[in-house]
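Student: what would the 3D arrangement of this be:
(chains A, B, C and D)
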Protein chains: 2
Amino acid sequence: MLEWLKEPEINFPDQLQHAGFEHGVCVGQIQAKAGLTQSTVSEYLSILQRAGFIESKRVGQWTYYKRNEGAFEALSKLIKSNL
Amino acid sequence: MLEWLKEPEINFPDQLQHAGFEHGVCVGQIQAKAGLTQSTVSEYLSILQRAGFIESKRVGQWTYYKRNEGAFEALSKLIKSNL
DNA sequence: CAAATATATCGACTTTTCCCGATATGCCAA
DNA sequence: TTGGCATATCGGGAAAAGTCGATATATTTG
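Tutor: Numbers count the residues shown, from 1 in each chain, chains lettered A, B, ... in the order given. Next up is the predicted model:
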């Protein structure tokens, strides 16, 4: 999922009919591509969010998720320096 | 353990009475510090080795483990570029 | 070769993680 | 305000990971 969200336009073309990509991709799109149940995907995304890897924005009945690039940069540095 | 192995001289002072640090630290030293059983530590180290994060060298009845810094460098880059 | 020591492997049990269906919550439209 | 849709949360069963004791293997020493 994290890799998918790196290129939303390529991995979630249906999102266009629905909204732009400014806020990210909504749960339903990710769920369809993942082939997991809605509850599983929702929980997974919320875990990634708590971990800081993605950000969410609620717009109406939809929740959009997008990557937080800073977190990956930080993790990369952490592995190099601390681990 | 990976962090410990970054500074063997500091984290495994008893290793001096036993051998140098050229080959790394032996399982018993790591086990004592970890507070886990011998079998657990041995298996854990072999997993880390298969994953490429540490290297092992058998010398007599001892097996010494030391970090493979290249693996951490590679992981760091992978997270930054691919993930 | 036998005993002692260091490490590795095996099988079982416990804990954690994964994933689901059911249900709750929030929002929108008729 | 009711019904429908998107998402979130909850509880439980299945799968995976963690940990242990017992035992096997390898090496050194007497």
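Student: make it CA atoms for all contacts and neighbour counts henceforth
Tutor: Fine.
Student: show me the contact partners of the helix or strand of chain A with the lowest mean pLDDT.
Tutor: Among the helical and strand segments of chain A, the one scoring lowest on mean pLDDT, DSSP states H and E is helix A:15-18, with a mean of 83. Contacts with helix A:15-18, where a contact means Cα atoms under 8 Å, 6 or more residues apart in numbering or on different chains, come from A:9, A:21, A:25-26, A:29.
Student: tell me how far residue A:43 lies from residue B:63.
Tutor: To residue B:63, residue A:43 is 43 Å away according to Cα to Cα, to the nearest Å.
Student: about what we covered before: in the least confident helix or strand of chain A, what's buried?
Tutor: By 16 or more other Cα atoms under 10 Å in any protein chain shown, the buried positions in helix A:15-18 come out as residue A:15.
Student: what about the next helix or strand along the chain from it, near DNA strand D?
Tutor: Later in the chain than helix A:15-18, the nearest helix or strand by DSSP states H and E is strand A:25-26. Yes. Using Cα under 7 Å from any atom of the strand, strand A:25-26 reaches DNA strand D at residue A:26.
Student: avg pLDDT for strand A:25-26?
Tutor: Average pLDDT, strand A:25-26: 96.
Student: buried residues in the helix or strand following it?
Tutor: Following strand A:25-26 in sequence order, the next helix or strand is helix A:27-34 (DSSP H and E). Within helix A:27-34, the residues scored as buried using 16+ other Cα under 10 Å are A:27-28, A:30-31.
Student: with distance to residue B:53 added, can I get the residues you listed in a markdown table?
Tutor: Shown next, in a markdown table, are those (distance: Cα to Cα, whole Å):
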| residue | distance to residue B:53 |
| --- | --- |
| A:27 | 35 |
| A:28 | 38 |
| A:30 | 33 |
| A:31 | 34 |
